[in-house]
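In: Here is my input, please return the structure:
(chains A and B)
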Amino acid sequence: MNLLKSEWRKLIYVRAHWGLLIAAILVALLGTAVTPVILDSNAEAFGLGLDQPDAIDAVYANAISSYFFAIIIGIMLMSGEFRHGTSVATFLTAPKRGTVLANKLAIAAIGGALVMVIATASGLLGGWVALQFFDNVAEPSSGVFLNTMIAAVVSGAILGIVGVALGTLVRNQMLAITGSLIYLFVIDPILLTLAPEAGKWLPSGLITAMLALDVQAPELGFDTTNYLPALTATIVLLGYGLVFGAIAIATSLRRDIE
Amino acid sequence: MAVIAIEGLVKTYGKQNAVDNLTANVQKGRITGFLGPNGAGKSTTLRCLVGLSKPTSGSVTINERPYRELENPLSKVGTVLDSRGFHPALTGRQNLRVVAAAAGIDDSRVDDVLEMVELTEAAGRKMKKYSLGMKQRLALAGAILGDPEILILDEPANGLDPAGIAWLRNFLRHLAQGGRTILVSSHQLAEMQHTVDDVLIINKGKLIASGTKEQVMGDGTLEEAFLKLTGGALS
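Out: Residues are numbered from 1 along each chain as shown, chains lettered A, B, ... in the order given. Alright, predicted model coming up:
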């Protein structure tokens, strides 16, 4: 419990982490507030209008678009130790590195999940408010809110863990953050579009699949027909978390602390 | 009785031996100066001692156990390795509270040690606004947080002005009076002469002298002995 308390303090004492939470809320709000406007003005082109449940589900699905902040928090928690040299104090106080990392992974999972819960809930609320400004709006699918919140918790926790693992592997903080953002926003979407069979096994495809959406709007780059079932996607994403967590423990245990 | 025992320590980076078959002991209740030119292997040795670097071969033990196997090590060994080690965006107090929480130490002890190193007024200020002297004092506060019997200090006087060095001298004497064992590395030899009981001198990773300060100095000063032993490689 001592190490958990220490890692928790590292999470809440650093103001940049609170800045990330605020940014995550803003991104989620923006995502759900703008989507109805885009869908409403391009309904014919997209073949999807606000009078269809699929469209409303797609609006609320954007509440989860802040997921990349969870990975950034994980990276900052770990690579910040090397960037500022606090790893020295950390491992002097608790020299059993596997134990330290296990506690850091736990706090990253909690932090990532909390950020995602708050941001996603804000996004869902923002989407609901935004939709009040339109007429003839369909009702969302019955499970969309619950699925979105479950996906938020699970993806936030796992991406927090993945972030810690990346921060261990790539100790340069800026490089780790930039690299992961490029992957999530450039490489992952390209693979998802060009090679959907492979892309659906990658983080973006898995997180979308966890929402259990049934939306066919290829013009929007959004077609869930070939995505994995929600439970399978959740298990695969958990697998990513376990593999990256194991890599973090294995690599950090071996290297000298500078 | 040897509290710290270094046996045949070798630490290699690539093809270079940073520490080369070093064997030395630090006796209980003594202040031991660990001296050597820059790059002699002092910091590498200390990092191996506290488990941050893995020895290529040999062993380093504190109270006959490797550092990594000590129960709650902060209560047994306090360490200052450099003025980094604290998060610049956190206050001095927050930085110490993070360490205290990990070691299961009550937060009230944080305020006690901040007072001991005369940082109470600056405790709520972000560490990045601290001067080098204040950072060193914060590091010392972290080292005594667990009220340890052993202190390992790597160049604690580095970058300090004369007033800071005088403060450090008094602080170390105060700690030593409590019977603590202190291993302090430095190349400020005049200062060390006034502070230490025993001396270990290394050069190019090898031990070249050890004993009481008087045995090593002979009739001269510590600086003269050091220059003679290291071939004038003071810098």
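In: from here on, contacts and neighbour counts on C-alpha atoms
Out: OK.
In: which element is residue B:85 on?
Out: For residue B:85, there is no host helix or strand (DSSP states H and E).
In: for the one 3 residues further on, same thing?
Out: Using DSSP H and E, residue B:88 maps to neither a helix nor a strand.
In: show me the contacts for residue A:4.
Out: Residue A:4 is in contact with A:103, A:104, A:106, A:107, B:102, counting by C-alpha atoms under 8 Å, 6 or more residues apart in numbering or on different chains.
In: Which of the three states applies to it?
Out: helix (DSSP: H, G, I helix; E, B strand; the rest coil).
In: Check the gap between it and residue B:79 for me.
Out: 22 Å (C-alpha to C-alpha, to the nearest Å).
In: chain center to stretch B:178-192: distance?
Out: How far stretch B:178-192 lies from its chain's middle: 8 Å, per C-alpha atoms, centre = their mean, to the nearest Å.
In: Start and end of it, how far apart?
Out: Stretch B:178-192 has an end-to-end distance of 19 Å (criterion: C-alpha to C-alpha).
In: Outside of it itself, list whatever touches it.
Out: With C-alpha under 8 Å, 6+ apart as the criterion, stretch B:178-192 contacts B:3, B:26-38, B:42-43, B:148-157, B:176, B:222-223, B:234.
In: before we move on, what about stretch B:199-213?
Out: Stretch B:199-213 is contacted from outside by B:17-24, B:32-37, B:39-42, B:193, B:196-198, B:216, B:222, B:226, B:229-230, using C-alpha under 8 Å, 6+ apart.
In: Give me the ChimeraX select line for those, limited to the buried ones.
Out: Of the contacts of stretch B:199-213, the buried ones can be selected in ChimeraX as follows, counting by 16 or more other C-alpha atoms under 10 Å in any protein chain shown:
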select /B:17,18,19,20,21,22,23,24,32,33,34,35,36,37,40,41,42,193,196,197,198,216,222,226,229,230
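In: Could you tell me which of the contacts of stretch B:199-213 belong to helices?
Out: B:42, B:193, B:216, B:222, B:226, B:229, B:230 (DSSP state H).
In: just to revisit the earlier point, out of the contacts of residue A:4, which are buried?
Out: Buried members of those, scored by 16+ other C-alpha under 10 Å, are A:103, A:104, A:106, A:107, B:102.
In: Could you check how far the first one is from chain B?
Out: When C-alpha to the nearest C-alpha, to the nearest Å is the yardstick, residue A:103 and chain B sit 11 Å from each other.
In: How about the residues of chain B by chain A?
Out: Contact residues, chain B versus chain A (C-alpha under 8 Å from any C-alpha of the partner chain): B:50-54, B:67-69, B:72-74, B:79, B:84-90, B:94, B:97-104.
In: from those residues, which would you call buried?
Out: B:50-54, B:67-68, B:72-74, B:79, B:84-90, B:94, B:97-104.
In: Residue numbers of chain A in contact with chain B?
Out: A:2-7, A:9-10, A:13-15, A:84-96, A:255-258.
In: hey, which helix is longest across chain B?
Out: Per DSSP H, chain B has its longest helix at helix B:162-177.
In: Ok, chain A next?
Out: Assignment by DSSP H; longest helix in chain A turns out to be helix A:97-131.
In: quick one, helices of the stretch 151-258 of chain A?
Out: Secondary structure of the stretch 151-258 of chain A (DSSP state H, counting those that start in this stretch): helices at A:173-182, A:188-194, A:196-199, A:203-210, A:230-254.
In: Quick check: the residue of chain B nearest chain A.
Out: In chain B, the residue that lies nearest chain A is residue B:85 (4.1 Å; C-alpha to the nearest C-alpha).
In: Any idea which residue is closest to the centre of chain B?
Out: With distances taken as C-alpha atoms, centre = their mean, residue B:153 lies nearest the centre of chain B, 1.1 Å away.
In: Now do the SS call for it.
Out: In three-state terms, and counting by three-state DSSP, residue B:153 is strand.
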